[in-house]
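**Q** pasting the sequence and the predicted model now:
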Amino acid sequence: MDEIAKSRKVKECHVVLSEHAAEVAATELGAKGLQIPKGMKVHGDKTMQVPFASGSARFEAMAIIPCSMGTLGRIAHGYSNGTIARTADVFLKEKRKLILVPRETPWNLLQARNVVSLMEAGAVMLPAIPSFYGRPQTVQEVADTVVARVLDHLGLPNDLVKRWKSGASEKE
């Protein structure tokens, strides 16, 4: 989130936290928990009093990170039971960039079909699969390989990872 907060290309950024976001963050990140940069507006998942829940608002992109298979399934079937699913529905119908980052594995057949449905509807599926050719040394560096891909798809410059260079380009 720091890269987005620092980017001059981002005019406005909102964070919607699911019901279990704080609990999961505390478990996975320990005492530091979820840290949201200053300037980002934070919302819960049970409000529709947000500008991006309407197609008339001109937001450009949405990324759901991480995207549970439950959330993915609700979006795939148009079940807008909260802010996250409703906003994703809006982004799909308005043909705006929607990036979903599922991290659950393996998938069952229903989950795979939901992924296909969302791709057919225009969503970008970017599973949280790290790359290792840059030889990350820490858990943060491994996570950054996924974050860098998301930022790339959002059109936001970043230097989080070493970029791939083929042997041929290194010799030139």
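**A** That came through, no problem. On a predicted model such as this, the values are computed, not experimentally measured, just so you know.

**Q** let me see the contact set for residue 103.
**A** By Cβ atoms under 8 Å, 6 or more residues apart in numbering, the contact set of residue 103 is 66-67, 127-128. Bear in mind the C-beta positions are built from the backbone N, C-alpha and C, glycine included.

**Q** now it, what's its secondary structure?
**A** Of the three states, residue 103 takes coil under DSSP: H, G, I helix; E, B strand; the rest coil.

**Q** pLDDT below threshold where in this protein?
**A** Counting by pLDDT under 70, the chain shows low-confidence ranges at 1-10, 31, 167-172.

**Q** at 50 what do you get?
**A** For the chain, the stretches with pLDDT under 50 are 171-172.

**Q** quick one, strands of it?
**A** Secondary structure of the chain (DSSP state E): strands located at 14-17, 41-44, 61-64, 97-100, 124-125.

**Q** return the entry from the contacts of residue 103 with the maximum number of neighbours.
**A** residue 67 (25 neighbours; other Cβ atoms under 10 Å).

**Q** dump the contacts of residue 103 to a markdown table, plus distance to residue 106.
**A** Listed next are these as a markdown table, based on distance: Cβ to Cβ, whole Å:
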| residue | distance to residue 106 |
| --- | --- |
| 66 | 16 |
| 67 | 16 |
| 127 | 11 |
| 128 | 14 |
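
**Q** which parts of the longest helix seen in the chain are buried?
**A** Counting residues, the longest helix found in the chain (DSSP state H) is helix 139-154. For helix 139-154, the neighbour count (16 or more other Cβ atoms under 10 Å) marks 141, 144-151, 154 as buried.
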